[in-house]
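**Student:** okay, sequence plus prediction incoming.
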Amino acid sequence: MYAYDEIDRTLVNERVSEFRDQVKRRLSGELTEDEFKILRLQNGVYLQLHAYMFRVAIPYGTLATDQLRALAHVARKYDRGYGHFTTRQNIQFNWIKLAELPDALEDLAKVGIHAMQTSGNNMRNVTSDQWAGVAPGEIEDPRIWSELIRQHTTLHPEFSFLPRKFKIAITASDHDRAAIKIHDIGLRLIKNEKGETGFEVLVGGGLGRTPFIAKTIKHFVHGRDILSYIEAILRVYNQYGRRDNIYKARIKILVHELGIEKFSREVEEEWQHIRNSSLQIDDEVIEDIRSRFTYPAYEKLPHMPDELRQAAADPDFEAWRKNSVAPHKVQGYSIVTISLKPTGGPPGDATAEQMDALADLADKYSFGEVRVGHEQNLALPHVAKRDLPALWKALDKLGLATPNVNLITDIIACPGLDYCSLANARSIPIAQELTRRFANHELANLIGRLHINISGCINACGHHHVGHIGILGVEKNGEEVYQITIGGRADENAALGALIGPGVKFDEVADVIEDVVEAYLALRERPEELFMDTVKRLGVEPFKERVYATR
Amino acid sequence: MPLVNGGKITGDGFAKLAVDTPLPESGDILVPAERFLSEAEGLFKRAGKVGVIWPNNRDIAELVPYLGKLATVALVFPTFRDGRAYSQARLLRERYNYRGELRATGQVLRDQFVFMLRAGFDAFEVKKQADAEAFMQTAKRYSVFYQPTGDGRITALHRRMQLRHSEGVGT
Ligand code: HEM
Ligand code: SF4
């Protein structure tokens, strides 16, 4: 966990008091809606279909239990008793009153969380691997660098009015759980031949209307230079990024229009001017941040405790353990993923009661720490293996032990027409229907790892381009129509999915997905061949045939 | 539009010329970029101070030969959501060591004062009278800054180092 000090707390409090004043000026009419809009967005406040929506940052996905309880408190006191975890390590509240927002922010500030820059054309919440610091084999805890960058980009005086939003993600593992290749800047922590820590820097990834996989702009930037290098990229983008057309304003378009070589020359030139400035990070600064991350006092525990051996006789426990429990870097411990995808529920939602209860469980079983991942699930990062059976029972009582992590019902979905004013189609009801169709655990297990991602419009908040199966809602002649893609992925081999054919109607979507899955089961060479591998081997055609032959 | 300079609302001594306004006999003038570049020599021979209004999509490096003689550089925020002039300001101050007046013009509202001060602006043509009056109060809104810029304010990272050293090693 990272501990805010007096300096961090002062900044957050000053931000809250500024926003209180801005809300007051808006309510009195001193600020026009046009003027206020940018200011509220910079504080995570959107105006949505039904009400104001409030987005709170969970930097690099790490939450302390008092912070989770504060989120539950906001859900209960200012909203309708639940919150929605998103793909960007944020939580959103959908029914908040503008006049109460400063109070909600003040309540959150007490535990060191805030909504700064969770929206608007500035640098957004820095995201990272939800298993950071506990995943076996990572280079080092990427959150130390995430925190450095979080601080540097918070209220940055040059980059708070960029052409468009800007997202940075960091991973330190071979297996990329932070989806760095679909971010404006993706950072992969590596060591060079001398054993020094640095980053491979990728740039220009993103989804939305024009999706791009990020390209490597530099193979190694030393840790001490990472702030100046990011600053150089941003300065080039701030000056040359397009502002004439909101759809072309993201850095991915600038990189695409200039070409990565020309873009990287511009960055390199800018960087040479500033790399030896006060932006250079000395070891002492990094050590200071490192020292404020505390790690649990792990015990020496057996690899296979008796409790686990006994519980293995229970098939329900085993079903859950197999897909929710992952290896930890410390022997005797596990990382437990908590599915927020119950059968028939909206993906990513958690009630205030669930959040509070989960905070209690994390205190009891995970050294007071909870994580949020981009798949809209939560995780407990330090669970002793002997506690797994007891934890499972407790989670099951809360409706938080659905054994479907990484299976076909572990669906990512944006809010779509149920909440979002930009939506063309519903997302949540599609996800709900699919979780019912595939509720049979045997079947889901037979299918194996398969990610379905759903967006209610071209903005791609549900990451549909990078779903193994992607579902995109569009509007055609006043009707909701869904386009289906296959073969996308967001990990270290990130790829965009390919369309399998014409869009289908709302009522047909679940049938079509069933067809795609049946086609896969018939086409795979062996049970171990995952959906993604079959698609890679055979391409779109056989799936297209199966789906459209009878339609 | 009220002008805030040195933290106070002041009168603006500069006459703003258009591309084709006849050059006044005397007095301080602010000239659009195109005209400034084509007439610079003549302008500096006149009595009276010269300033330039520089658009936010033109390379600020073109101004470098004149920086020693310019009394003011006015950068433009066509809307307050267009942040290009922040980069220009920092380049002028930090890379090209410009020490004259740096003026923010256009859509300048109180909610940008802190960002502008940090980027190196010291004069502000403020859109609303009430915002101009609130300058001092708004400019002091923040006491913590995370990034180093040319304004010389100590950053949070370095303040922590200082605190740590003053507490002594091992505490
Ligand atoms: C309900 C209010 C929301 C609104 C108005 C909204 C708006 C948008 C817009 C306009 C874009 C496209 C930006 C661009 O490409 O330039 C976008 C992208 C995105 N949003 Fe949302 N969104 C909302 C909720 C969400 C939620 C709930 C999630 C997560 C579940 C999310 C995650 C994302 C992601 C991951 C992208 C793609 C980013 C990229 O292209 O790099 N958003 N959103
Ligand atoms: S993808 Fe479209 S519908 Fe879904 S949340 Fe984003 S903007 Fe709204």
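**Tutor:** Cool, the structure landed. Numbers count the residues shown, from 1 in each chain, chains lettered A, B, ... in the order given. Ligands and ions are numbered 1, 2, ... in the order given.

**Student:** please count neighbours and contacts with C-alpha atoms only from this point.
**Tutor:** Will do.

**Student:** and the pLDDT at whatever residue of the stretch 251-400 of chain A ends up closest to ligand 1?
**Tutor:** Nearest to ligand 1, among the residues of the stretch 251-400 of chain A, is residue A:376, at 7.2 Å (CA to the nearest ligand atom). Residue A:376 is assigned 97 on the pLDDT scale.

**Student:** longest helix in chain A, by residue count?
**Tutor:** In chain A, taking DSSP state H as the definition, the longest helix is helix A:6-27.

**Student:** show me what counts as buried in that one.
**Tutor:** A:7-13, A:15-20, A:22-24, A:26 (16 or more other CA atoms under 10 Å in any protein chain shown).

**Student:** okay, how far is it across stretch A:489-501, tip to tip?
**Tutor:** 19 Å (CA to CA, to the nearest Å).

**Student:** swap that for stretch A:423-442, sorry
**Tutor:** For stretch A:423-442, the end-to-end distance is 34 Å (CA to CA).

**Student:** report the buried residues of it.
**Tutor:** Neighbour count says stretch A:423-442 has A:423-435, A:437-439, A:441 buried, by 16+ other CA under 10 Å.

**Student:** among those, which lie within helices?
**Tutor:** Per DSSP H, the buried residues of stretch A:423-442 map to helices at A:428-435, A:437, A:441.

**Student:** would you list those in a markdown table and tack on distance to ligand 2?
**Tutor:** Shown next, in a markdown table, are those (distance: CA to the nearest ligand atom, whole Å):
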| residue | distance to ligand 2 |
| --- | --- |
| A:428 | 10 |
| A:429 | 13 |
| A:430 | 13 |
| A:431 | 13 |
| A:432 | 15 |
| A:433 | 17 |
| A:434 | 17 |
| A:435 | 19 |
| A:437 | 22 |
| A:441 | 28 |
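
**Student:** which of the residues you listed are close to ligand 1?
**Tutor:** Near ligand 1, judged by CA under 6 Å from any ligand atom, there are no entries from these.

**Student:** now render those residues as TSV, adding distance to residue B:5 and pLDDT.
**Tutor:** Below are those laid out as TSV (distance: CA to CA, whole Å; pLDDT from 0 to 100):
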residue	distance to residue B:5	pLDDT
A:428	54	97
A:429	57	98
A:430	58	98
A:431	58	98
A:432	60	98
A:433	62	98
A:434	63	98
A:435	63	97
A:437	67	97
A:441	70	94
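
**Student:** want to try CSV for the residues you listed, with distance to residue A:136 as columns?
**Tutor:** Converted to CSV, those look like this (distance: CA to CA, whole Å):
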residue, distance to residue A:136
A:428, 34
A:429, 37
A:430, 36
A:431, 32
A:432, 34
A:433, 36
A:434, 33
A:435, 31
A:437, 35
A:441, 29
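
**Student:** which one of these is nearest residue A:397?
**Tutor:** Of all these, residue A:441 has the smallest distance to residue A:397: 18.5 Å, by CA to CA.

**Student:** so what's the residue count around residue B:21?
**Tutor:** 9 (other CA atoms under 10 Å in any protein chain shown).

**Student:** what sits against the residue in chain B that ligand 2 sits nearest to?
**Tutor:** Of all residues in chain B, residue B:81 sits closest to ligand 2, at 20.9 Å by CA to the nearest ligand atom. By CA atoms under 8 Å, 6 or more residues apart in numbering or on different chains, the residues touching residue B:81 are A:38, A:161-162.

**Student:** so what's residue A:343 up against?
**Tutor:** A:402, A:409, A:432, A:435-436, A:439.

**Student:** kindly provide the distance from it to residue A:469.
**Tutor:** The value you get for residue A:343 to residue A:469, if CA to CA is used, is 19 Å.

**Student:** and residue A:387, by the same measure?
**Tutor:** Applying CA to CA, the value for residue A:387 to residue A:469 is 35 Å.

**Student:** which of those two has more residues huddled nearby?
**Tutor:** Remark: of residue A:387 and residue A:469, residue A:469 carries more neighbours, 28 against 17, as counted by other CA under 10 Å.

**Student:** these two touch, right, the more buried one and residue A:489?
**Tutor:** No. Counting by CA atoms under 8 Å, residue A:469 does not reach residue A:489; the two are 9.0 Å apart.

**Student:** can you list the weak-confidence ranges in chain B?
**Tutor:** Under the criterion pLDDT under 70, the flagged ranges of chain B are B:167-171.

**Student:** look up phi and psi at whichever residue of chain B sits closest to ligand 1.
**Tutor:** The minimum distance from chain B to ligand 1, using CA to the nearest ligand atom, falls at residue B:81 (15.5 Å). Main-chain dihedrals, residue B:81, degrees, to the nearest 10: phi -90, psi 0.

**Student:** likewise for residue B:106?
**Tutor:** phi 100, psi -130.

**Student:** would you mind measuring from the residue nearest to the spatial centre of chain A to residue A:91?
**Tutor:** Among the residues of chain A, residue A:374 comes closest to the average C-alpha position under CA atoms, centre = their mean, at 2.6 Å. As for residue A:374, its distance to residue A:91 is 11 Å (criterion: CA to CA).

**Student:** ditto for residue A:207
**Tutor:** 20 Å.

**Student:** kindly report the same for residue B:12.
**Tutor:** 48 Å.

**Student:** now residue A:27
**Tutor:** 26 Å.

**Student:** ok now stretch A:287-306, how far from the chain's centre?
**Tutor:** In terms of CA atoms, centre = their mean, to the nearest Å, the centre of stretch A:287-306 is set 25 Å apart from its chain centre.

**Student:** buried set for that stretch?
**Tutor:** Applying 16+ other CA under 10 Å to stretch A:287-306 flags A:289-290, A:293 as buried.

**Student:** any idea how many residues pack against residue A:448?
**Tutor:** What residue A:448 shows, counting by other CA under 10 Å, is a neighbour count of 19.

**Student:** list the contacts for it?
**Tutor:** A:406-408, A:530-531.

**Student:** tell me the spacing between it and ligand 1.
**Tutor:** Distance, residue A:448 to ligand 1, using CA to the nearest ligand atom, to the nearest Å: 23 Å.

**Student:** thought the residue of the stretch 251-400 of chain A closest to ligand 1 was touching residue A:348?
**Tutor:** Yes. With contact defined as CA under 8 Å, residue A:376 reaches residue A:348; the gap is 4.9 Å.

**Student:** which of residue B:12 and residue A:91 has more neighbours?
**Tutor:** Set side by side, residue B:12 and residue A:91 show more neighbours around residue A:91, with 24 against 14, by other CA under 10 Å.

**Student:** now do the SS call for that one.
**Tutor:** Three-state call for residue A:91 (DSSP: H, G, I helix; E, B strand; the rest coil): strand.

**Student:** cool, and residue A:157?
**Tutor:** Quick answer, by three-state DSSP: residue A:157 is coil.

**Student:** check which helix or strand covers residue 114.
**Tutor:** Since no chain was named, I'll use chain A. Assigned by DSSP states H and E, residue A:114 falls within no helix or strand.

**Student:** my question was about chain B, not that one.
**Tutor:** Judged by DSSP H and E, residue B:114 forms part of helix B:113-119.

**Student:** so what does that helix touch, helix or strand wise?
**Tutor:** helix B:84-90, helix B:135-139 (3 or more CA pairs under 8 Å, 6 or more residues apart in numbering or on different chains; DSSP states H and E).
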